[in-house]
Each structure stands twice: as structure tokens, then as C-alpha cells.
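> Provide a 3D model corresponding to the input given below.
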Amino acid sequence: MDKYSEIISLSKRRGIFYPSYDIYGGEAGFYDYGPIGTLLKNNVENKWREFYVLREKFFEISTPVITPYNVLKASGHVDKFMDIILTCKKCGKAFKAEEVAEENRKKMECPECGGRLEEGRINLMFETGIGPRKKEKAFLRPETAQGIFVNFP
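Got it, this is the predicted structure:
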């Protein structure tokens, strides 16, 4: 068993975290905190608050998870918060450009099947809509710091 699998197995057994939606096959990158994981997370948050809010006298704010389009257009996120993605014309697999070996990038050759790679861009923000008919374009907040920049310009 590799190290990653060992950590996941231990975390599941101890109730630290679980892959989200595991009974439906899971989804890469999504995890739920278990009972122990939730306690650990809360302890870290409480220590952070104890230091920064109580001791250093910083202020804490909480902002919405959904951000209107015009805010992210003004900040440059709509036009520039992107990654270069390489998609194989043969097998259909997609890769972030920096994850593909330099040799494969120069040849534009798929590291999986050797097929031709095509370059494109992918916006890293998740788009959604606001309102009953979802007419107003918005995104899930791409950065937690975004709220402080809007509230304290």
C-alpha cells in the first residue's frame, strides 16, 4: 500500500476525514471532516482566533461564498484567473501545462498515449447565477481574501 492510501485509510478509521461522496465513487479533491477531524479543525481555528483576534486585536469578518461577476471582473479574476491546459486529441485526457514534463510540452505529446496535445485555457472559478432565474452571473468566491478587499478598499 502506498503512503497516500495508508493516510486515507488511517484517516477514515480514526474519523479524521473521509473522501466526500465515497459511496457513490467519490470525487477527487473533496473531503468531509469526521468527528475527530472536526475537533482538530475547530482547535486550529480557535488557536488562530486566540492569537490574531484576542491577542493581536485583528478583526474577523465573514463574507459570502458567492461573488457577483462585476466584482471579479474589476479585480481581473474573470480575465486572468486561468491555467493553461493541454488536452490530448487522441485519448481525451487533460493536463495542467506545468504538470506535463518539459520534453512532452516541447513536442506537444501526451504523456499517457503519445497523442497530439492541444493547448487551451481553463478559468479556475466556478460559475453560478444569482436570482430566481439565475440571470445575474456570479462565481463561487475564488479566494477567501476577496471579501476584505471589497469591504476595506
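> what mean pLDDT does stretch 4-19 have?
Averaged across stretch 4-19, the pLDDT comes to 93.
> please apply the same query to stretch 74-89.
Here stretch 74-89 scores 93 as its mean pLDDT.
> what's the nearest residue to residue 73 if we skip its chain neighbours?
Nearest non-adjacent residue to residue 73, counting by Cβ to Cβ, 6 or more residues apart in numbering: residue 79, 7.6 Å away. Using the backbone N, CA and C atoms, a C-beta is placed for each residue, glycine as well.
> contacts for the worst-scoring helix or strand of the chain on mean pLDDT?
Lowest mean confidence among the helices and strands of the chain (mean pLDDT, DSSP states H and E): helix 102-107, at a mean of 78. With contacts defined as Cβ atoms under 8 Å, 6 or more residues apart in numbering, helix 102-107 is touched by 86, 97, 110, 111, 117.
> what kind of secondary structure is the first one in?
Counting by DSSP: H, G, I helix; E, B strand; the rest coil, the backbone at residue 86 sits in strand.
> ok, it touching residue 94?
Yes. Residue 86 is within contact range of residue 94, at 7.0 Å (criterion: Cβ atoms under 8 Å).
> when the two are compared, which one has more neighbours?
More crowded of residue 86 and residue 94, by other Cβ atoms under 10 Å: residue 86, with 22 against 13.
> following the chain onward from the longest helix seen in the chain, which element is next?
For the chain, the longest helix by residue count, based on DSSP state H, is helix 35-49. Going down the chain from helix 35-49, the next helix or strand is strand 66-68, by DSSP states H and E.
> so what does that next one touch, helix or strand wise?
Judged by 3 or more Cβ pairs under 8 Å, 6 or more residues apart in numbering; DSSP states H and E, strand 66-68 is in contact with strand 127-130, strand 136-140.
> just send those back as TSV, with mean pLDDT and mean neighbour count too.
Putting the helices and strands packed on strand 66-68 into TSV (pLDDT from 0 to 100; neighbours: other Cβ atoms under 10 Å) gives the following:
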stretch	mean pLDDT	mean neighbour count
strand 127-130	94	13
strand 136-140	94	16
